[in-house]
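Chemist: Can you look at this prediction? I've put the sequence above it.
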Amino acid sequence: PPAAAAPPRTTPVHPTTAAQHAAAAAAAVAAVTASGPGPPPPPPTTTTSSKSKKKKSQPTVTMATAATATPAGTGSKGGENTGRWTAEEHRLFLQGLEQHGKGWKKIASLIKSRTVVQIRTHAQKYFQKLAKA
């Protein structure tokens, strides 16, 4: 008959309580402070994981004044509008749509105050509005 395998050996585990950890930490602090004057101990080193959140410095924000503010309805680039489309811009948009179809760059050449992206977005909203009617 084959020999039976011996059961695995287990080593006894010595549980350590939180109170024992606290007592050991207090003893270590007492030993350091009892050593008398001398150079201060180096700060404890901590390891941080790559997932830890680091505080980023916040940029300084300044309030716009009448002298520094851009006029309402214009973007940061010269001559480009933001926000609502004027009746003239929409008229040019419709004219460009008739002439060039969905050639957004060609339509943008007619509407100097809007970017190609703004024209595409306006067209998307315009077509959605037509579909609802």
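Modeler: Yep, that arrived. Numbering: from 1, shown residues only.
Chemist: Return the list of helices and strands in contact with the stretch of helix or strand residue 128 belongs to.
Modeler: In this assignment (DSSP states H and E), residue 128 forms part of helix 116-132. Packed against helix 116-132 by the contact rule (3 or more CB pairs under 8 Å, 6 or more residues apart in numbering; DSSP states H and E) you find helix 87-100, helix 104-110. Using the backbone N, CA and C atoms, a C-beta is placed for each residue, glycine as well.
Chemist: if we go to 6 Å?
Modeler: With contacts defined as 3 or more CB pairs under 6 Å, 6 or more residues apart in numbering; DSSP states H and E, the packing partners of helix 116-132 are helix 104-110.
Chemist: Touching the helix it packs on from outside, list them.
Modeler: With contacts defined as CB atoms under 6 Å, 6 or more residues apart in numbering, helix 104-110 is touched by 92, 96, 100, 116, 119, 120.
Chemist: tell me the two of the residues you listed that are most distant?
Modeler: Farthest apart among the contacts of helix 104-110 by CB to CB are 92 and 120. That separation is 14.9 Å.
Chemist: Compare these two and say which is more crowded by neighbours.
Modeler: Between residue 92 and residue 120, counting by other CB atoms under 10 Å, residue 92 is the more crowded of the two (19 against 15).
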